[in-house]
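A.B. asks: quick one, fold the following:
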Amino acid sequence: MWRRGLLLALVAMPLAARAQSEWQTVVGRDLRFRLEMPAPVKQSKAGEVEKGQASERVAWHSSHDGDMFDFDFVDYQPGWFTDQDAKVMARELGRGEAEKAFPKPKFNYLRDEPVTLQGWEGYALDIEAPSGEVIMMRTYIVKDRLYRLLVTAKPNDDAKANAKRFLESLKLADTK
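C.D. replies: Numbering: from 1, shown residues only. I've put the predicted structure just below:
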């Protein structure tokens, strides 16, 4: 009897509520951040350590309806970022190789500007492909930690809403 009641409750549940359950909250082991990604989320660690890094890169990946959602962070040596201009560093790290991978004559740069998150410096780069697909990247420097978010979204309202939800879901324990 209780199974029938549960089934009826699920059928009666609004679609928006069911869509909410398809998302998973990711919380850092050190409790310094949390964000939402479409479930299931896969965590990985990069073994290679680049110059200045004090730890390995920890990353999460998920996909939903063909769109990709990626988030990672890495800690750098004390003073690596704090001894430099955070706005300049955020721009360099936020743009990275994007200009080479997505040349401006072929791709439309929708957003290419500094941003902040809870007072911390960051960079936003949104690029539209000729097919209409959008690649959205956010990079934030918090003390000597680098956070990066990347999402690809198809050219439809649902995909773009999911991308926006992901990008805006990052919450930091550290405020400036």
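A.B. asks: contacts, neighbours, all on C-alpha from now
C.D. replies: Noted.
A.B. asks: name the element the residue nearest in space to the middle of the chain belongs to?
C.D. replies: The centroid of the chain falls nearest to Leu149 when counting by Cα atoms, centre = their mean (2.5 Å). Using DSSP states H and E, Leu149 falls within strand 145-153.
A.B. asks: what packs against the very next helix or strand once past that strand?
C.D. replies: Proceeding N to C from strand 145-153, the next assigned helix or strand is helix 157-168, under DSSP H and E. If contacts are counted by 3 or more Cα pairs under 8 Å, 6 or more residues apart in numbering; DSSP states H and E, helix 157-168 sits against strand 33-38, strand 67-75, strand 145-153.
A.B. asks: tell me which residues in the first one are buried?
C.D. replies: Read it as strand 33-38. Leu35, Glu36, Met37, Pro38 (16 or more other Cα atoms under 10 Å).
A.B. asks: neighbouring strands of it in the sheet, and parallel or not?
C.D. replies: Under the criterion DSSP bridges, strand 33-38 sits next to strand 23-27 (antiparallel), strand 171-172 (antiparallel) in its sheet.
A.B. asks: can I get those strands in JSON lines including distance to Met137?
C.D. replies: Formatted as JSON lines, those follow (distance: least, Cα to Cα, whole Å):
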{"stretch": "strand 23-27", "distance to Met137": "18"}
{"stretch": "strand 171-172", "distance to Met137": "16"}
